[in-house]
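Colleague: Need the 3D shape of this:
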Amino acid sequence: MESKNRLLDKVDKTNQYISNSPIIKGLIDGGLSLIPFLGSAISSSLDTRAFKLFEENSRKFSEEVHRLVEKMDDKKLDKKFIESDEFTSILMETLGRNARAYEEEKVKLFAKTLAGFTTVQGSQILYKEGFIRIIDELSIEHIKILAFIFDRINNPIETDEKLIDRIQSKEISVGLNIPEERVQAYCEQIIRYGLLRDWAIGRYGYKPGSYTITGYGFEFAKFLYSSLM
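Modeller: Residues are numbered from 1 along each chain as shown. Next comes the predicted model:
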């Protein structure tokens, strides 16, 4: 229980520090001031909206982290990692990226990812910032597509062993109710993050629209969708 309390206290204090920091306001004002046609009035308006978004996202993030951590087994927390500079750095990186999220599901993903890093198993993941960056830069639809492919490979319906790791854009489209052309575009974008690869490349009679998950993609998806318990 003591470890949980230290973890949650650190999250709350860092969150409060960042939200009250004049650096944040300076970055917003300074960035907008470089775009002359917006003007100071619009800059001020967006500044207010930005802080409202930051405040709301930070509140939801903290509530979700509290909910997840309270359910966790205290023995699974990596106490040394929670007290480390690496955790502080990851926490600040996560809060900063979470602040600008406009999808509530993404705020929950940020919270789950941070909570997952605090476990003995999760703290061993290398380049944790990469996971945070992926959640920040991809949309929820991108992540749902990756989850669909991950689940289908773990629970295959294909009976041909040679095709068992092939997931086609058509079945993703039907399963998630996303137009197939958009599925293909999203998968090409996901490939750039090293999470998927084009299954058909190098095979006879190449046709686009077939994908499989990479080792890195499997690691990311397994971490993201595994239970924290």
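Colleague: okay, now A185: neighbour count?
Modeller: The burial count assigned to A185 is 12, neighbours taken as other CB atoms under 10 Å. For the C-beta atoms, the positions are set from N, CA and C on the backbone; glycine is no exception.
Colleague: Give the other helices and strands that the helix or strand hosting it contacts.
Modeller: Using DSSP states H and E, A185 falls within helix 180-191. Applying 3 or more CB pairs under 8 Å, 6 or more residues apart in numbering; DSSP states H and E, we find helix 180-191 packed against helix 140-154, helix 169-176, strand 196-198.
Colleague: now the ones you listed as JSON lines including mean pLDDT and distance to P208?
Modeller: As requested, the helices and strands packed on helix 180-191 are exported to JSON lines (pLDDT from 0 to 100; distance: least, CB to CB, whole Å):
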{"stretch": "helix 140-154", "mean pLDDT": "95", "distance to P208": "15"}
{"stretch": "helix 169-176", "mean pLDDT": "97", "distance to P208": "8"}
{"stretch": "strand 196-198", "mean pLDDT": "97", "distance to P208": "7"}
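Colleague: okay, these in TSV with distance to L77 and mean neighbour count next?
Modeller: Shown next, in TSV, are the helices and strands packed on helix 180-191 (distance: least, CB to CB, whole Å; neighbours: other CB atoms under 10 Å):
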stretch	distance to L77	mean neighbour count
helix 140-154	26	19
helix 169-176	35	17
strand 196-198	32	18
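Colleague: does the spatially most central residue of the chain count as helix, strand or coil?
Modeller: With distances taken as CA atoms, centre = their mean, the residue of the chain nearest its centroid is I135 (2.3 Å). Under DSSP: H, G, I helix; E, B strand; the rest coil, I135 falls in the helix class.
Colleague: residue contacts, it?
Modeller: For I135, the contact set (CB atoms under 8 Å, 6 or more residues apart in numbering) comprises R97, K106, L109, F110, T113, I143.
Colleague: What are the structural domain limits within this protein?
Modeller: 2-137, 140-225 (automatic domain parsing).
Colleague: Can you get me the start-to-end distance on the first one?
Modeller: Translated: domain 2-137. 35 Å (CA to CA, to the nearest Å).
Colleague: try stretch 207-223
Modeller: Stretch 207-223 end-to-end distance (CA to CA) = 31 Å.
Colleague: What are the buried residues along stretch 62-77?
Modeller: Using 16 or more other CB atoms under 10 Å as the burial criterion, the residues of stretch 62-77 that qualify are S62, E64, V65, H66, L68, V69, M72, L77.
Colleague: out of those, who's nearest F220?
Modeller: L68 (18.3 Å; CB to CB).
Colleague: Tell me how far the closest one lies from T14.
Modeller: Per CB to CB, to the nearest Å, L68 is found 17 Å from T14.
Colleague: And N57, how close does it get to A200?
Modeller: 40 Å.
Colleague: Compare these two and say which is more crowded by neighbours.
Modeller: A count of neighbours by other CB under 10 Å puts N57 above the other of N57 and A200, at 21 against 17.
Colleague: Surely that one is in contact with A101?
Modeller: Yes. Contact status for N57 versus A101: in contact at 5.8 Å, counting by CB atoms under 8 Å.
Colleague: Need the overlap of contacts for these two.
Modeller: Shared contacts of N57 and A101, defined by CB under 8 Å, 6+ apart, comprise V107.
Colleague: circling back to that earlier point, worst mean pLDDT among the domains of the chain?
Modeller: Among the domains of the chain, domain 2-137 carries the lowest mean pLDDT, at a mean of 78.
Colleague: Give me the distance between that one and the centre of its chain.
Modeller: 11 Å (CA atoms, centre = their mean, to the nearest Å).
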